Each structure stands twice: as C-alpha cells, then as structure tokens.
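sequence and predicted model, in that order:
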Amino acid sequence: MTVDRGEREYVLKERRARRWGSIVPAWYLRLRLRLACQAIDRIERHLADEFGVAETAPLHAELEALFAERDALLKRLAARG
C-alpha cells in the first residue's frame with residue numbers, strides 16, 4: 001500500500017493535534033474532512049467499476065462509517081462558525 005502526500009500530512013498533523021489535547025484547530029478538521037471525502041470517492045468508484053454497485057454489503061458498511069465521520073466533522077466546523 002502506498003502512502004500519498006495527503007495521508008503523510010494527515011498523520012503528522014494528527015500527531016500534533018494529539019499533543020494539543022482537546023484543542024483541535026479548524027485547519028485540522030478541514031484536512032480530515034477532505035481526506036474522508038477522498039476515501040468516499042475512491043470507494044464509490046471502486047463499487048461502480050468492480051461490482052456495478054451490487055453485492056457490496058461489506059464495502060457499503062465502510063462507506064456509511066465514512067459518511068458518519070464526514071457529517072460529524074461538518075457539524076464541528078459549523079459550530080466553530
């Protein structure tokens with residue numbers, strides 16, 4: 001599995017965020033949101049290419065988890081104003 005620049009950036013910034021404790025800056029939330037949306041797009045393309053969106057229960061569960069994370073991040077960003 002290859003790690004792209006965005007994922008490396010995410011890991012480094014996540015480590016910094018853990019050091020800060022509960023204070024999570026907006027740029028960090030935007031980065032997590034962007035990476036979650038990229039993962040959702042990859043899964044959707046994979047489903048369409050491989051299976052024609054049929055028989056995808058395990059992948060659908062992963063996709064729903066990513067949607068939930070995306071929605072939670074959007075709510076946190078909206079709360080920050």
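Everything's here; your move.

secondary structure class for Val24?
At Val24 the chain is in coil, as set by DSSP: H, G, I helix; E, B strand; the rest coil.

based on its surroundings, how many neighbours for Ala36?
Neighbour count of Ala36, defined by other CB atoms under 10 Å: 20. Where C-beta positions appear, they are placed from N, C-alpha and C, glycine not excepted.

list the buried residues in the top helix by length along the chain.
Counting by DSSP state H, the longest helix found in the chain is helix 57-80. By neighbour count with 16 or more other CB atoms under 10 Å, helix 57-80 contains the buried residues Leu59, Leu63, Leu66, Glu69, Arg70, Leu73.

what is the nearest of those residues to Ala26?
Leu73 (10.6 Å; CB to CB).

without its sequence neighbours, what residue ends up closest to that closest one?
Among residues not flanking Leu73 along the chain, Leu33 sits closest, at 4.4 Å (CB to CB, 6 or more residues apart in numbering).

report how many residues lie close to that neighbour.
Using other CB under 10 Å, the number of residues around Leu33 comes to 18.

before we move on, back to that, contacts for the longest helix of the chain?
Contact with helix 57-80 is made by 24, 26, 29-30, 32-33, 36-37, 39-40, 43-44, 46-47, as judged by CB atoms under 8 Å, 6 or more residues apart in numbering.

for the residues you listed, give me a markdown table that also has secondary structure and distance to Leu12.
Listed next are the contacts of helix 57-80 as a markdown table, based on DSSP: H, G, I helix; E, B strand; the rest coil; distance: CB to CB, whole Å:
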| residue | secondary structure | distance to Leu12 |
| --- | --- | --- |
| Val24 | coil | 15 |
| Ala26 | helix | 17 |
| Leu29 | helix | 16 |
| Arg30 | helix | 15 |
| Arg32 | helix | 13 |
| Leu33 | helix | 17 |
| Ala36 | helix | 17 |
| Cys37 | helix | 20 |
| Ala39 | helix | 18 |
| Ile40 | helix | 22 |
| Ile43 | helix | 24 |
| Glu44 | helix | 27 |
| His46 | helix | 27 |
| Leu47 | helix | 30 |
